[in-house]
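>>> Sequence first, then the predicted structure, then my questions.
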Amino acid sequence: MRITVEVNGRTRESDVEPRTLLCDYLRHELGLTGTHVGCEHGVCGACTVLVDGEAVRSCLTLAVQMSGRSVRTVEDLAPEGAELTEIQQAFRKHHALQCGFCTPGILMSLTAERNRPAPSREDALDSVRGHICRCTGYRGIKRVVEEIFAESDGENPR
């Protein structure tokens, strides 16, 4: 099937098999390997990307469903040479990653929450609860949420 999808601000046209998962399309067709594939059941959250601004598990989504839509991957948060986002800077500051496997998905979920009209700390924590991290014990990740979302708790900071 022929699809046209905007990925990281760039229109892409591709022929894909109807059964191709979004994560496989991103990784194998487009070479965007920042989207990690962990459990392949939508449980771990490593494959989370933004579709039209919403956090989506790309291992549960077909590439053909993306035709006419906008997909944003972790590569687009701070393209080469660009400054890290506020969330990425907080991850660095609070040592919120170790092996980094879960990090792209968590960054995308927190980015989706941050872009909501009234982001709250509790909503951000809920979005992180949907991710499995086997290295950090979540302490650093929780500190990131506290720093980024505490001051805006339920209010639009923009």
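Right, received. Where do you want to start? Numbering: from 1, shown residues only.

>>> mean confidence score for stretch 3-15?
The average of the pLDDT scores along stretch 3-15 is 97.

>>> Extract the CA atoms of it and return them as CSV.
What follows is stretch 3-15 as a C-alpha-only set of coordinates in CSV (Å, rounded to 0.1, in the frame of the first residue of the first chain):
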residue,chain,number,x,y,z
ILE,A,3,1.3,5.9,2.2
THR,A,4,2.1,9.5,2.6
VAL,A,5,3.1,10.5,6.2
GLU,A,6,4.8,13.5,7.7
VAL,A,7,7.7,12.2,9.9
ASN,A,8,9.6,14.8,11.9
GLY,A,9,8.3,17.6,9.7
ARG,A,10,9.3,15.9,6.4
THR,A,11,6.7,14.3,4.0
ARG,A,12,7.5,10.7,3.2
GLU,A,13,5.9,8.5,0.6
SER,A,14,6.5,4.8,0.8
ASP,A,15,5.1,1.5,-0.4
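
>>> Off-centre distance for it?
Relative to its chain's centre, stretch 3-15 lies at 18 Å (C-alpha atoms, centre = their mean, to the nearest Å).

>>> Identify the residues contacting it?
For stretch 3-15, the external contacting residues (C-beta atoms under 8 Å, 6 or more residues apart in numbering) are 1-2, 16, 25-26, 29-30, 32, 63-64, 66-73, 75-76, 79. The C-beta positions use only the backbone N, C-alpha and C, and glycine is treated the same way.

>>> Repeat the analysis, applying 10 Å as the threshold.
With contacts defined as C-beta atoms under 10 Å, 6 or more residues apart in numbering, stretch 3-15 is touched by 1-2, 16, 20, 22, 25-26, 29-30, 32, 49-52, 62-77, 79.

>>> need the contact list for Ile87.
77-78, 96, 106-111, 113-114, 124, 144-145, 147-149.

>>> Could I get the contacting residues of Asp24?
Listed by C-beta under 10 Å, 6+ apart, the contact set of Asp24 reads Val16, Glu17, Thr35, Val37, Glu40, Cys47, Ser58, Cys59, Leu62, Ala63.
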